[in-house]
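Enquirer: next input, structure requested:
(chains A and B)
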Amino acid sequence: MKLLVANRGEIAVRIIRACREMGLGAVAVYSDCDRDALHVRTADEACHIGPSPAAESYLSIDRLVAAAVASGATLVHPGYGFLAENAAFASACQRAGLTFVGPSPDVIRLMGDKHSAREAAVRAGVPVVPGTAQFFGVNASDEVVITAAEQIGYPLLVKAVAGGGGKGMRAVSKPADLPSALRMARSEAAAAFGDGGIYLERRLDTPRHIEVQLLADAHGTVVPFVERECSIQRRHQKVVEESPSPVVGEHLRRELTEAAAAIARTVGYTNAGTIEFLLDSAGRFYFLEMNTRLQVEHPITEAVTGVDLVVWQIRVALGERLTVPAEQALTPRGHAIECRIYAEDPDRGFMPAPGLVRALTVPGGPSVRDDRGVTAGFEIPVFYDSLIAKLVVWGETRESAIARLKRALNEYRVVGVSTTLPFFRWLVEQPAFAEGAFSTTYLDGVLAARQGRPFREPSSQDEQDAVVAAAVAAWSASHGATTAPSTEDLGTWRRAARLDSLR
Amino acid sequence: MTFEIEVAGRARRVTVEPAGGTDQAGGRFRVVLDDVTCVVDARRTDLGWSIVYEGDRRSLDVAVTQETRGDMLVQFPHVDVRVGVDGRRFRGDPLDGSRSANESHVAAPMPGRVVRVLVKPGDDIAARQGLVIIEAMKMENELVAPRAGRISEVLVSEGQSVEAGRLLVRLE
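Expert: Coordinates of the predicted model:
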């Protein structure tokens, strides 16, 4: 039996690993710029599906289905992003006789539409964030939206109806800022999801983002998992996640997980999904949205429960009964933290930094997991999301997990492109992080207050060491060797790539 | 050999000589930096150099990247340091308006597509005001004014694809 992975990058590699462990053949797909990507190299078979722009490759339903049929795959895993929450893709797989690893197209449609998802939560008896029940299509005039905004009151959020991952979302604190926020949200949503529809929602004061992973089979069993805390966000994009939440006790955990399971049962959910909640400072929680797919941050749940979520996704899709014990899923063993490492320059406002990875050292040792989609020698393309790796650490306690994270962050070396590693090295030293005292507004607040100051500034000792290293490198260069990995020096990174692959 | 190496705005004369068993792959070096002399054992690695100081035995795992000619990025596990070698001073990134109060232009920091131009020639702008929005890696990135001033020229239009370094807007 074969499974086609309709995705790229680290998540494609993650799914291929699950296939290997289950004895399934793994079929990768790739665009022009991804021919030498890690997911292609890792797979048993690989199908070229088109040019580099995602719309002509990873977002092309016809080409993906054709690749699956041609390869003889019977299963299709969409990963996250791209077509993972696209009901038309799930339907197209069904029509072609392929098993889509995810919920049914009807449930994707129902929960992907923020409006009907809210209604489902209300039917399940779960509170929702106050906002308009009204949704504004691309043709709705600014005036209509502004009037609706006045009824909700400021501050508020403009969100994409088809949204996710912070795309097409803008925070607005005063009426004067609404028109430009609307414009940005609409154009971003149209570009990312092909749907410029938006809606408005009250912005809670210092809420925490808490979410509940669940698995559900086709036989009526729903298993919710211990919560994940994802409050550390930059521009509504999660950057660090941990499980369990430092502020959720057993009682609240029971309430949250029961609410999540109730929503899943109400809509007849199957496969893996995540219910996102906002938790206010008084301990009240509100349904935010449901992600009808595997989440980026799923490894932290795997780390504290020992359950392989991707393997279970595939088993459930094949019609198997879910036999994960409820107690195991709800009782965290130790503490796990994930950092999303992006090819972005944190010292330049987190601008995307595509380019050639010249050398790479990845952390190892006890309880460190590196889910990565790039290797030394790979040119990070400009066409896709800039996530290059997820560093996940586990510790017996939150404190020991943080100590391990600091250690692993300093082991992680990426040469050639800027990454968010220096930012994480700074973040883990912040008192608010150590204390777990943060909300979804924490990071944007402290970043604004820093006014672009570099995250790590060298000491005079560091500067002296750098001069010594530069002098040695310059001497070596003037004696016939290249200083180190450089754009002209392909030999060095090929050697580096070879070292990496031997590791 | 003697180099002039600039770090953090300060140029230092540095003399480096082989001190035994030295070839392109490394060996012992005597480095004289201002009045300080140190001896290091330096070996090439996949990242750059492994350096062990004689004396205090400190071990450094250093990534060294030749950026443009003369500029080097020296990366330690905990921090990055940029240096300029032999008069090729590290001036900060010329594409990054936010670091200099005297910048007279804003350039694209990465390849992408111009989705919106927010200003026109003659506009008076405040520092950090949005000028151009570029979409790259699925995100819209707003490029802001490095300082207050007036727009003298807008060099791109909406929908246009731009390469990294492409000039977008000039300030008077």
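Enquirer: stretch B:65-74 vs chain A: in contact?
Expert: Yes: interface with chain A: stretch B:65-74 contributes B:65-66, B:72, B:74 (CB under 8 Å from any CB of the partner chain). For every residue, glycine as well, the C-beta is placed using N, CA and C.
Enquirer: how about B:G55, secondary structure?
Expert: coil (DSSP: H, G, I helix; E, B strand; the rest coil).
Enquirer: my read: it touches B:C38, true?
Expert: Yes: using CB atoms under 8 Å, B:G55 makes contact with B:C38 at a distance of 6.9 Å.
Enquirer: name the residue in these two with the higher neighbour count.
Expert: Legend: neighbour count by other CB atoms under 10 Å in any protein chain shown for B:G55 and B:C38, higher for B:C38 (17 against 8).
Enquirer: just the pLDDT for that one.
Expert: pLDDT, B:C38: 95.
Enquirer: in a helix, B:L73, correct?
Expert: No: counting by three-state DSSP, B:L73 is not found in a helix; it is strand.
Enquirer: where in chain B is the helix or strand with the lowest mean pLDDT?
Expert: Least confident helix or strand of chain B, by mean pLDDT, DSSP states H and E, is strand B:139-144 with a mean of 80.
Enquirer: give me the contact list for it.
Expert: A:167, A:184, A:187-188, A:191, A:349, A:351-352, A:386, B:97-98, B:106, B:108-110, B:112, B:115, B:128-135, B:168 (CB atoms under 8 Å, 6 or more residues apart in numbering or on different chains).
Enquirer: next: stretch A:339-347.
Expert: A:238-240, A:296, A:350-355, A:380, A:386-391, A:405, A:409, A:412, A:414, A:417-424, A:452, A:454-455, B:109, B:137.
Enquirer: picking up where we left off before, is it possible to get TSV of the residues of stretch B:65-74 next to chain A that adds neighbour count and pLDDT?
Expert: What follows is the residues of stretch B:65-74 next to chain A, written out as TSV (neighbours: other CB atoms under 10 Å in any protein chain shown; pLDDT from 0 to 100):
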residue	neighbour count	pLDDT
B:T65	24	91
B:Q66	22	86
B:M72	29	92
B:V74	28	96
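Enquirer: before we move on, the earlier item: and the contacts of stretch A:339-347, which are buried?
Expert: Neighbour-count burial (16 or more other CB atoms under 10 Å in any protein chain shown) applied to the contacts of stretch A:339-347 gives A:238-240, A:296, A:350-355, A:380, A:386-391, A:405, A:409, A:412, A:414, A:417-424, A:455, B:109, B:137.
Enquirer: show the contacting residues for whichever residue of the stretch 101-250 of chain A sits closest to chain B.
Expert: The stretch 101-250 of chain A approaches chain B most closely through A:E188 (5.3 Å), counting by CB to the nearest CB. By CB under 8 Å, 6+ apart, the contact set of A:E188 is A:160, A:167-168, B:139-140.
Enquirer: out of those residues, give me the one that has the most neighbours.
Expert: A:G168 (28 neighbours).
Enquirer: do you know how far B:R12 is from A:S459?
Expert: Distance, B:R12 to A:S459, by CB to CB, to the nearest Å: 16 Å.
Enquirer: if you could redo that for B:Y53, that was the one I meant.
Expert: Counting by CB to CB, the gap from B:Y53 to A:S459 is 16 Å.
Enquirer: how's chain A carved up into domains?
Expert: A:2-101, A:130-202, A:460-502 (automatic domain parsing).
Enquirer: can you tell me which of those domains is most buried?
Expert: domain A:2-101 (a mean of 21; mean count of other CB atoms under 10 Å in any protein chain shown).
Enquirer: straight-line length of that one, end to end?
Expert: 13 Å (CA to CA, to the nearest Å).
Enquirer: now it: mean pLDDT?
Expert: 98.
Enquirer: sec struct for the nearest residue to A:Q430 once chain neighbours are set aside, please.
Expert: Computed as CB to CB, 6 or more residues apart in numbering or on different chains, the closest residue to A:Q430 that is not its neighbour in sequence is A:V446, at 7.3 Å. Three-state assignment for A:V446 (three-state DSSP): helix.
Enquirer: quick one: low-confidence ranges for the chain?
Expert: I'll assume chain A. For chain A, the stretches with pLDDT under 70 are A:132-133, A:164-165, A:481-503.
Enquirer: the chain in question should be chain B.
Expert: Looking at chain B by pLDDT under 70, you get B:69, B:87-102.
Enquirer: can you give the domain ranges for it?
Expert: Taken from automatic domain parsing, chain B resolves into B:2-85, B:97-171.
Enquirer: please name whichever of the domains of chain A is nearest to B:V156.
Expert: domain A:130-202 (16.6 Å; CB to CB).
Enquirer: that closest one: end-to-end distance?
Expert: 6 Å.
Enquirer: mind checking which of the buried ones among the contacts of stretch A:339-347 are in strands?
Expert: Of the buried ones among the contacts of stretch A:339-347, the ones assigned to strands by DSSP state E are A:238-240, A:351-352, A:355, A:380, A:387-391, A:414.
Enquirer: center of chain A - which residue?
Expert: A:V296 (3.3 Å; CA atoms, centre = their mean).
Enquirer: need the phi and psi values for that one.
Expert: Backbone torsions for A:V296, taken as degrees, to the nearest 10, come to phi -50, psi -40.
Enquirer: how about the residue nearest to it when sequence neighbours are not counted, phi and psi?
Expert: Closest residue in space to A:V296, ignoring its immediate chain neighbours: A:Y80 at 5.8 Å, by CB to CB, 6+ apart. Reported as degrees, to the nearest 10, the phi and psi values for A:Y80 are phi -130, psi 160.
Enquirer: and if you look at B:R30?
Expert: Per degrees, to the nearest 10, the backbone of B:R30 is at phi -100, psi 120.
Enquirer: contacts only, for the residue lying closest to it once chain neighbours are set aside.
Expert: Spatial nearest neighbour of B:R30, excluding adjacent residues (CB to CB, 6+ apart): B:A19 at 4.4 Å. Taking CB under 8 Å, 6+ apart, we find B:A19 in contact with B:27-30, B:39.
Enquirer: if you rank these by neighbours, which is first?
Expert: Within the contacts of B:A19, most neighbours by other CB under 10 Å means B:F29, with 22 neighbours.
Enquirer: check which helix or strand that residue maps to.
Expert: If you go by DSSP states H and E, B:F29 is part of strand B:26-33.
Enquirer: tell me what that strand is packed against?
Expert: helix A:460-478, strand B:10-18, strand B:36-44 (3 or more CB pairs under 8 Å, 6 or more residues apart in numbering or on different chains; DSSP states H and E).
Enquirer: relative orientation of the first one and strand B:71-75 in degrees?
Expert: Here helix A:460-478 points in a direction 130 degrees away from that of strand B:71-75 (axes from the mean of the first three to the mean of the last three CA atoms, to 10 degrees).
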